[in-house]
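Student: Provide a 3D model corresponding to the input given below.
(one chain, ligands or ions: 1)
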Amino acid sequence: MKVITLREGRERSLLRRHPWVFEASIAGGKADSGETVRVQAHDGRFLAWAAYSPSSMIRLRAWSFDETERIDAAFFARRIARALAVRETLKVDSDSVRLIHGEADGLPGLVVDRYGDTLCAQITSAAAERWKGVIAEALLKASGATRLYERSDASVRGLEGLSPRTGWIAGEMEAPAAGTRPPPEGVPAGLGRPGARPATCVTIREHSWQFEVDLASGHKTGFYLDQRDNRRIFAETVRLFGYRRVLNCFSYTGGFSVAALAAGATDVTSVDSSGPALAHAEAHVALNGFDPAHHRTLDADVNRTLREMIDRGERFDAIVLDPPKFAPSAAHAERAARAYKDINRLAFGLLRPGGALFTFSCSGGISGDLFHKIVAGAGLDAGIDARIHARLAAAPDHPMTVTFPEGEYLKGLVLVVA
Ligand code: SAH
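Tutor: Predicted structure coming up:
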């Protein structure tokens with residue numbers, strides 16, 4: 001077993017059970033990519049079993065703080081069983097759940113989502129990469145799923161010296177010959193693509209709605225499961241206040257649009273800069289049996305669209321702002337803060353009195369406090385006053401732990417304009 005020794009004083013983070021050790025904290029020792037090492041303080045005291053990553057700034061990711069624990073196949077089976085047991089208690093109203101949420105489940109660099117009987121995994125650390133085969137076997141056994149797709153194409157893999165990989169690890173869907181397998185009723189063939197629906201497409205249920213998820217081409221592992229509860233809360237709010245005219249910005253495949261239509265909205269606009277995502281959104285309106293005349297898509301930049309709508313004097317009952325990560329880390333916070341403030345100010349300017357803004361940030365680099373301040377500042381600039389109706393977070397199958405504050409990435413505010 002190789003040993004990595006930390007500089008004096010740099011043991012604090014591991015003693016607080018934070019799983020990362022940065023390059024600058026290491027006094028000596030080396031290992032191969034993903035190899036398990038014993039991490040010790042400058043005086044030889046045991047700190048953790050960890051995986052070594054030779055090219056990453058995050059040089060070590062801790063597997064365990066228990067000296068008696070062995071990092072082997074049984075260890076991964078235990079961690080996976082523990083994560084799945086937590087999900088069992090959550091009573092998620094969907095057949096699709098995040099089973100493994102990286103560091104928060106004690107498995108750094110591993111994300112696994114369940115879509116019906118198919119799993120989709122994303123590996124972003126040398127640590128998890130090294131144990132991929134063992135992890136895959138344990139996941140299939142513990143979950144009872146028959147198929148496992150890998151979506152390890154996130155750019156952060158480059159920082160770990162890993163090349164992208166996508167494809168089936170286990171099982172496979174029957175590949176339909178072009179045009180031979182009809183898509184579900186009401187759904188355009190191939191969701192905007194010519195021919196049959198791809199052999200990587202699964203239909204999932206969330207609340208009383210259905211969505212199509214393409215494991216190969218969807219964002220992340222295919223769908224934003226973290227917004228599941230917030231889509232339900234959005235539907236409840238639209239129904240409660242009798243909202244009709246809804247603007248869903250950064251709509252992706254229209255999750256919040258479906259929620260609005262389900263709650264009685266009759267004029268819903270989905271805005272996104274991805275054509276395929278919008279084709280998917282249209283398909284979702286049909287798949288869920290809503291009137292296509294109640295929904296339209298806009299393939300455009302949100303910032304520009306909001307400005308144009310203000311110029312035209314448009315007004316909405318409810319607006320969703322769910323942008324991509326503007327600040328991947330705290331270093332980007334200042335620029336990101338301006339970008340968040342801009343879109344929130346514009347959105348406030350488009351709401352009628354009594355209307356609601358559902359605004360989100362999924363930036364790890366923007367704290368809940370800072371996000372609140374940014375949105376409050378945007379409201380002041382727009383000349384409105386608003387009541388905080390709710391504070392939102394990621395669905396609980398994306399757990400947060402007290403030892404890993406970076407895991408608290410998604411925050412949302414629901415504001416009702418006076
Ligand atoms: N709310 C969605 C998830 C949003 S993900 C859901 O519930 O599923 C963010 C989306 O923003 C992506 O679909 C991406 O294509 C889109 N996007 C990124 N930058 C954009 C821009 N400048 N204008 C419009 N859409 C953008």
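Student: Flag every residue of the stretch 101-250 of the chain that's near the ligand.
Tutor: Taking Cβ under 6 Å from any ligand atom as the criterion, the stretch 101-250 of the chain approaches the ligand at residues Y224, Q227, F250. Where you see a C-beta, it was placed from the backbone N, CA and C, and this is true even at glycine.
Student: which of the residues you listed tops the neighbour count?
Tutor: With neighbours taken as other Cβ atoms under 10 Å, the top of these is Q227, carrying 27 neighbours.
Student: how about it, what does it touch?
Tutor: G255, F256, D322, F360, A394, A395, L410 (Cβ atoms under 8 Å, 6 or more residues apart in numbering).
Student: same deal with G354?
Tutor: F241, D317, V416, V417.
Student: The helix or strand it falls within close to the ligand?
Tutor: Using DSSP states H and E, G354 maps to strand 351-361. No. Applying Cβ under 6 Å from any ligand atom, one finds strand 351-361 separated from the ligand by no less than 7.7 Å.
Student: which strands and helices sit next to the helix or strand just after that strand?
Tutor: Counting by DSSP H and E, the next helix or strand C-terminal to strand 351-361 is helix 368-382. In terms of contacts (3 or more Cβ pairs under 8 Å, 6 or more residues apart in numbering; DSSP states H and E), helix 368-382 is packed against helix 333-350, strand 411-417.
Student: Contacts for helix 368-382, please.
Tutor: 333, 337, 340-342, 344-346, 348-349, 359, 361, 366, 385-386, 391, 408, 411, 413, 415.
Student: Report the inter-axis angle for it versus strand 351-361.
Tutor: 150 degrees (axes from the mean of the first three to the mean of the last three Cα atoms, to 10 degrees).
Student: Give me the distance between stretch 59-71 and the centre of its chain.
Tutor: Its chain's average C-alpha position is 26 Å from that of stretch 59-71, according to Cα atoms, centre = their mean, to the nearest Å.
Student: distance between the ends of that stretch?
Tutor: 18 Å (Cα to Cα, to the nearest Å).
Student: which of the residues in it are buried?
Tutor: R59, L60, R61, A62, W63, S64, F65, I71 (16 or more other Cβ atoms under 10 Å).
Student: List the beta-bridge partners for the fourth one.
Tutor: Beta-bridge partners recorded for A62 (DSSP bridges): A50.
Student: ok, how many other residues are close to A85?
Tutor: Neighbours around A85, by other Cβ under 10 Å: 10.
Student: just checking, E236 is part of a helix?
Tutor: Yes. Per DSSP: H, G, I helix; E, B strand; the rest coil, E236 lies within a helix segment.
Student: Go ahead and confirm it touches A260.
Tutor: No. Look at E236 against A260 with Cβ atoms under 8 Å: they stay out of range, at 11.1 Å.
Student: Give the buried subset of the contacts of G354 as a ChimeraX selection command.
Tutor: If you want just the buried ones from the contacts of G354 in ChimeraX, going by 16+ other Cβ under 10 Å, the selection is:
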select :241,317,416,417
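Student: closest to the ligand among the contacts of G354?
Tutor: Distance to the ligand across these (Cβ to the nearest ligand atom) is lowest for D317, with 18.0 Å.
Student: and the residue located most distally from the centre of the chain, which of the three is it?
Tutor: Of all residues in the chain, D43 has its C-alpha farthest from the mean position, at 40.3 Å, by Cα atoms, centre = their mean. Secondary structure of D43, reduced to three states by three-state DSSP: coil.
Student: got the residues of the stretch 251-400 of the chain near the ligand?
Tutor: Going by Cβ under 6 Å from any ligand atom, the residues of the stretch 251-400 of the chain near the ligand are 252-253, 255-256, 271-274, 277, 301-302, 322-324.
Student: Looking at these, which is nearest G106?
Tutor: Taking Cβ to Cβ as the measure, G106 lies nearest P324 of these, at 27.5 Å.
Student: surely that closest one meets C362?
Tutor: Yes. Counting by Cβ under 8 Å, C362 is a contact partner of P324 at 7.3 Å.
Student: Pick out whichever of the two has more residues nearby.
Tutor: C362 (19 against 11).
Student: That one contacts L321, correct?
Tutor: No. C362 is beyond contact range of L321, at 11.3 Å (criterion: Cβ under 8 Å).
Student: Which parts of this structure are helices?
Tutor: With helices called from DSSP state H, the chain shows them at 12-15, 73-90, 126-130, 132-143, 228-241, 255-262, 275-287, 302-311, 333-350, 368-382.
Student: returning to what we had before: could you export the residues of the stretch 101-250 of the chain next to the ligand as JSON lines, including pLDDT and distance to T297?
Tutor: Shown next, in JSON lines, are these (pLDDT from 0 to 100; distance: Cβ to Cβ, whole Å):
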{"residue": "Y224", "pLDDT": "98", "distance to T297": "17"}
{"residue": "Q227", "pLDDT": "98", "distance to T297": "19"}
{"residue": "F250", "pLDDT": "98", "distance to T297": "13"}
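Student: Where does pLDDT dip in this structure?
Tutor: Residue ranges of the chain with pLDDT under 70: 175-196.
Student: repeat that for 50
Tutor: Applying pLDDT under 50 to the chain flags residues 177-194.
Student: what about E236 and A260, which has more around it?
Tutor: The neighbour count for E236 versus A260, taken as other Cβ under 10 Å, is higher for A260 (34 against 13).
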